[in-house]
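Colleague: sharing a model prediction with you, sequence too.
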Amino acid sequence: MRQVKPQFRSRRKRCANCRDLFDPDPRAKDRQKYCSKSSCQDHRQRLNEKNWREKNPDCVAYQQEQIRAWHKARTNYSRKRRASDQALTMRNRIQARLRMRDRRFRSVFDKSKPIVKTVEDQAYWAKVKTNTQPIAQRSTVRPFSLL
């Protein structure tokens with residue numbers, strides 16, 4: 001007669017990314033730090049790639065040099081590719097527009113500053129830019145307070 005081993009349930013852990021509880025894979029023992037959500041796995045992968053680049057700077061430099069040499073040998077590659085495919089050109093323009101919009105938004109709302117300070121700075125610079133009086137006639141411009 002076959003003996004059945006009791007199933008021991010491992011203790012639940014918190015994901016290092018999303019902080020949700022998850023059941024770790026029993027084969028990983030205590031090494032598993034991230035749950036199986038795709039966003040958490042993406043975060044883990046980006047972190048692993050970053051750590052690898054920090055540990056292997058000579059390899060990264062070599063790869064960058066190879067890329068530069070490839071582009072130098074094919075100077076008109078991107079221009080010819082865009083000229084031959086209008087859909088690619090339009091998709092590139094849309095992506096660039098969205099990328100720049102996101103970059104501008106992040107620079108306006110810097111999370112390291114309190115939101116009130118950011119809004120005050122915007123209002124101050126908007127007043128300074130629109131004020132066209134000569135400096136001698138201008139009264140001092142001070143940022144308004146939202147509080």
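Modeller: Done, it's in.
Colleague: below-threshold pLDDT in this protein: ranges please.
Modeller: 1-10, 109-147 (pLDDT under 70).
Colleague: for this protein, longest helix please?
Modeller: As assigned by DSSP state H, the longest helix anywhere in the chain is helix 86-108.
Colleague: what is that one packed up against?
Modeller: Other elements packing on helix 86-108 under the criterion 3 or more C-beta pairs under 8 Å, 6 or more residues apart in numbering; DSSP states H and E are helix 77-84. Where you see a C-beta, it was placed from the backbone N, CA and C, and this is true even at glycine.
Colleague: got the buried residues for the helix it packs on?
Modeller: Within helix 77-84, no residue counts as buried by 16 or more other C-beta atoms under 10 Å.
Colleague: what packs against it?
Modeller: helix 86-108.
Colleague: give me the angle between the helix it packs on and helix 77-84.
Modeller: 120 degrees (axes from the mean of the first three to the mean of the last three C-alpha atoms, to 10 degrees).
Colleague: in helix 86-108, what's buried?
Modeller: Buried residues in helix 86-108, defined by neighbour count with 16+ other C-beta under 10 Å: none.
Colleague: put the alpha carbons of stretch 36-44 into PDB.
Modeller: Extracted as PDB, the C-alpha positions of stretch 36-44 are listed here (Å, rounded to 0.1, in the frame of the first residue of the first chain):
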ATOM      1  CA  SER A  36       3.100  35.900 -11.000                       C
ATOM      2  CA  LYS A  37       1.300  39.000 -12.200                       C
ATOM      3  CA  SER A  38       2.700  40.200 -15.500                       C
ATOM      4  CA  SER A  39       3.400  43.700 -14.200                       C
ATOM      5  CA  CYS A  40       5.400  42.300 -11.300                       C
ATOM      6  CA  GLN A  41       7.300  39.900 -13.600                       C
ATOM      7  CA  ASP A  42       8.100  42.800 -16.000                       C
ATOM      8  CA  HIS A  43       9.300  44.900 -13.000                       C
ATOM      9  CA  ARG A  44      11.500  41.900 -11.900                       C
END
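Colleague: okay, buried residues for it please.
Modeller: If you call a residue buried by 16+ other C-beta under 10 Å, then stretch 36-44 has these buried ones: 40, 43-44.
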